[in-house]
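Novice: Please find the sequence and the predicted model below.
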Amino acid sequence: MSGLSISALHAAHGHTTVLRDLELRVPNGALACVLGPSGCGKSTLLRIIAGFHRPASGTVTVGGRTLNDDHTQVPAERRRIGCVPQDGALFPHLSVAANVGFGLPRAERRERVAEMLDLVGLNGLADRHPHQLSGGQQQRIALARALAPRPELLLLDEPFAALDAALRAELRTEVATTLRRAGATAVLVTHDVDEALAFADLIAVMRDGRIVQCDAPHALYHRPADTGVARTLGEANLVPAKLAADHAITAFGELPLTDGASDTDEDAVVLLRPHQLRLSTTSGPHTVEARVVNSGFRGHDYRLELAPDPRHELATPLIAYTPADAPPPTGETLHIAAHGTVHPLAPDQVPPDQVPNSATA
Amino acid sequence: MLPLAAGLVALLVACPLVFLGLQAGQSGWATAARLLRRPLIGTLLWHTVSLTVMVTAATLVLGFGAAYLVERADIPARRAWTVALAMPLAVPEFVHGYCWVSLFPSVQGYWGAVLVMTSSLYPLVFLPVAATLRRSDAAAEEVARSLGHGRWATLWRVTLPQTRPALAGGALLVSLYLLGEYGAFAMLRFTTFATAIYTEYETAFDTESASVLTLVLVALALLVVCLDARAARRGRVVREGGTARPCAPQPLGRWKALATAALASVTAVTLGVPVYALVYWTARGNSSTLPSTSILSATAATLGYALAAATLATAAAVPVALYAWRRATRLARAVERAVFLTRALPGIAVALAVVFFAIRYAPAAYQQPPMLVVGYAVLFFPLALTAVRASLAQVPHGVEDAARSLGVRPLAVLARVTLPLILPGLGAAFAMVALTASTELTATLLLRPTGTETLATQFWAYTTDLSWGAAAPYAAVMTALSIPAVVLLTRRTLGTPRTPKGVR
């Protein structure tokens, strides 16, 4: 497998260790996303791949070429890795065409620039200067500039962060399409889950200088390795359970396990995403009594915070989404049923400062 | 009322040009043409232009090189270097000339002038370039590297163009200083327009010739301004939003020792020589007769005039700055720009204009203290305006309206809201004008009341007699007075110190 491969990467800024024993593989042609809170080291990771920062140890290879190991440090200009920084960083003294042609040999500049401007749909703007472009246009040009020399790998450092919400959503879909059409291998760094889910074939969740889990978005959402990843990917109800051969015994009754069988010990925590909870006014055999503490209308649905009856020993609040057509009765007592499969989470990785079962947006 | 006040100030500040024209026009076209056809003009033109081009080029190379090393290379003690490289500005140019001439009598003529003026003026390029390099985002240079450009290609194609407006601005200041400089060139026995004007006026009492020469000099200055405006426009750099991430210093490897040595030799020549000369001559001078009372009285006179001029200039800058800030109309901007244009007028031209005005319309004021104060105020008005403008730019635009809507009358708004907000700027303006005026020589020589000696004129009197030792303490006091101004300027240009090394 070619593409990007990083192993045993350690890095530091001065005396602060930033990356610890980091592993990451991105197959050729995949769009990968490194997702993590700010300060987790994801920008440093990107700068190491690009050759702007020297790691303490570890290897980085792209397309079979070793860029970093104990003996080698290929300089940035010989890596053939494109970069799209957060605010585009277009060269302000050059026109759009000169920006896009910056990394190209003179002979093929004209043709390739036109081709790239076509690709990002801005071929009318070749003679403009960066300050005459809108934020979204600047990012598209930055993308065209980075793709022009046909890099083996493209790095994007929160490229949409400076744009407003509507444009951000539009541009990320567009950029993903552009990259797929160009057949590029790309790594995007972000702290925005929606961006990661919408953009990537592969999401690597990063925490404290390590990649905790790297998988397809769907797999990551439904089968996170631990509670931290579960919360990073979306709101999560963490429910204490006893694991049996192929099911978990919870306050909501017996629920099948995602992987069919489990070999972990009996006491565990399982994941129930908010949409797996159904509310009704009548109680059933395996329902949990709960009071609606808070509800927020979000257009397509309602997001409810529920306080379950204390005897179920569930932490407060549980999060559930209900259809938009009927406003939920606040303050009333409802009955919650769970459906679908549950995923056991490694309980030992719960960070000590976070109370289990609380939800993060 | 505000537009009226602003317009009045602008008119007053811009009027030197008018009076120069009037004075020259008085002699008639024939005389002017005769005066202009003299071979002297050709010599002066050649001297002035060749020196300006040479020194400007040298300061650009030196200023950019020093700024690049200090801001982008991993040389040790970068902050200390920054201060040392800016400090030559604290030594007035004519004191620079004195230091070199008194130690090395062979330093004179064209190459002497190139050496002295380059080492004295290069900080005017160094400071803005260093500021631009410090503020620019690391991302642009990194992207250039990732697109396959090596360190030198990146320097040439990305870093250098980014600093272009700063280079243009620095070059403009340097060439304007060169056009207006009198003292250093007189000391180095190099004739330029400024020295010729002074000689014609002070020794030959030929006002016609002096005013015609001044007009040529002003034309040269305006030409420089136009050239600069074109250069700056071509390299327009605008950065949109986002916060800049400071560049990590580049490891120089085996070049590090060489680069540090280069900076050390620059500092030795530009700062070491003046400091050594001042210390040497002050120590020597103490053994000879030195009337210590005269340095006290000269300092008192200097400070008196400087403070009066600073008060006047700052007070005059407020309405112009406020007017341009409150309403960004074309008229307001034109008023402000007209005022800035006077920055291009060489000091000697402003001084002569004030003299002509006094002789013609206010003979009672001629060679009286107010004339010198007004001369300083007109000369250094742009300094005050820049400082007041900078602090006004920090004031959020809505505050005056908000205060008005709370039922406060406009003048009270000014007193209770606007002025308190720009108080630091007023202080900076006051300090810059006072400190600069206290080391001014050319206009002082022309405008001072008879019998008054300031530090600069007393220093000048001693050096004309070649009393190097007696002149040294005056030079030392002027240099000491200038240091706060340089610190102020450095801080304002470079802004807050670099953020610590760590990047996210």
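Specialist: Great, that's in hand.

Novice: which outside residues touch the helix or strand B:Ala351 falls within?
Specialist: If you go by DSSP states H and E, B:Ala351 is part of helix B:347-361. The contact list for helix B:347-361 (C-beta atoms under 8 Å, 6 or more residues apart in numbering or on different chains) reads B:15-17, B:19-20, B:22-23, B:180, B:182, B:194, B:197-198, B:201, B:207, B:210-211, B:214, B:217-218, B:221, B:342, B:365-367, B:371, B:374-375, B:378-379, B:440, B:442-443, B:446-447. No exception for glycine: its C-beta is placed from N, CA and C like everyone else's.

Novice: Ok, stretch A:247-263 next?
Specialist: Residues outside stretch A:247-263 that contact it (C-beta under 8 Å, 6+ apart): A:222-223, A:239-246, A:268, A:270, A:272, A:285-288, A:308, A:312-314, A:336-338, A:340-344.

Novice: I'd like the distance between the residue of chain B found nearest chain A and A:Pro105.
Specialist: Nearest residue of chain B to chain A, counting by C-beta to the nearest C-beta: B:Leu147, 2.9 Å away. Relative to A:Pro105, B:Leu147 is positioned 11 Å away (C-beta to C-beta, to the nearest Å).

Novice: Just give me the neighbour total for the residue of the stretch 51-200 of chain A found nearest chain B.
Specialist: Using C-beta to the nearest C-beta, the single residue of the stretch 51-200 of chain A nearest to chain B is A:Gly103, 2.9 Å away. Other residues within reach of A:Gly103, judged by other C-beta atoms under 10 Å in any protein chain shown, total 24.

Novice: isn't it right up against A:Arg150?
Specialist: No - contact criterion C-beta atoms under 8 Å: A:Gly103 and A:Arg150 do not qualify, at 9.7 Å.

Novice: Give the rounded mean pLDDT of the lengthiest helix in chain A.
Specialist: Scanning chain A for the longest helix, with DSSP state H as the assignment, gives helix A:165-182. In this model, helix A:165-182 has a mean pLDDT of 85.

Novice: That one: which residues count as buried?
Specialist: By 16 or more other C-beta atoms under 10 Å in any protein chain shown, the buried positions in helix A:165-182 come out as A:168, A:171-172, A:174-176, A:178-179, A:182.

Novice: continuing past the strand or helix carrying B:Arg34, what's the next helix or strand?
Specialist: B:Arg34 is located in helix B:28-36, with elements delineated by DSSP H and E. Under the assignment DSSP H and E, the closest C-terminal helix or strand after helix B:28-36 is helix B:39-72.

Novice: Toward the C-terminus, what is the element adjacent to that following helix?
Specialist: Reading on from helix B:39-72 to the C-terminus, the next helix or strand found by DSSP H and E is helix B:78-86.

Novice: Spatially nearest residue to B:Thr436 (excluding sequence neighbours)?
Specialist: Of all residues not flanking B:Thr436 in the chain, B:Phe380 sits nearest, at 5.5 Å (C-beta to C-beta, 6 or more residues apart in numbering or on different chains).

Novice: Which is the succeeding secondary structure element to the host helix or strand of that neighbour?
Specialist: In the assignment (DSSP H and E), B:Phe380 maps to helix B:369-393. Next along the chain after helix B:369-393, taking DSSP H and E as the criterion, comes helix B:399-405.

Novice: Buried residues in that next one, which are they?
Specialist: Using 16+ other C-beta under 10 Å as the test for burial, helix B:399-405 gives B:400, B:403.

Novice: elements contacting that helix?
Specialist: helix B:410-413 (3 or more C-beta pairs under 8 Å, 6 or more residues apart in numbering or on different chains; DSSP states H and E).

Novice: and the helix it packs on, what's its mean pLDDT?
Specialist: What helix B:410-413 shows for mean pLDDT is 82.

Novice: which of the residues in it are buried?
Specialist: Neighbour-count burial for helix B:410-413 flags B:Val413 (criterion: 16+ other C-beta under 10 Å).

Novice: now swap in stretch B:173-190 and tell me
Specialist: With burial defined by 16+ other C-beta under 10 Å, the residues of stretch B:173-190 counted as buried are B:173-188, B:190.

Novice: Just those: which are in helices?
Specialist: Using DSSP H, the buried residues of stretch B:173-190 in helices are B:173-180, B:183-187.

Novice: close to chain A, is whichever strand or helix holds B:Thr132?
Specialist: Using DSSP H and E, B:Thr132 sits within helix B:123-135. No - Helix B:123-135 does not reach chain A (C-beta under 8 Å from any C-beta of the partner chain); its nearest approach is 11.5 Å.

Novice: quick one, the helix or strand just after that helix and helix B:39-72 angle?
Specialist: As assigned by DSSP H and E, the chain's next helix or strand after helix B:123-135 is helix B:138-146. Using axes from the mean of the first three to the mean of the last three C-alpha atoms, to 10 degrees, the inter-axis angle of helix B:138-146 relative to helix B:39-72 is 90 degrees.

Novice: Who are the packing partners of helix B:138-146?
Specialist: On a contact count with 3+ C-beta pairs under 8 Å, 6+ apart, helix B:138-146 meets helix A:42-50, strand A:81-84, helix A:135-147, helix B:151-154.

Novice: Adding mean pLDDT and distance to B:Leu62, write these out as TSV.
Specialist: Shown next, in TSV, are those (pLDDT from 0 to 100; distance: least, C-beta to C-beta, whole Å):
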stretch	mean pLDDT	distance to B:Leu62
helix A:42-50	90	33
strand A:81-84	90	33
helix A:135-147	90	34
helix B:151-154	87	19
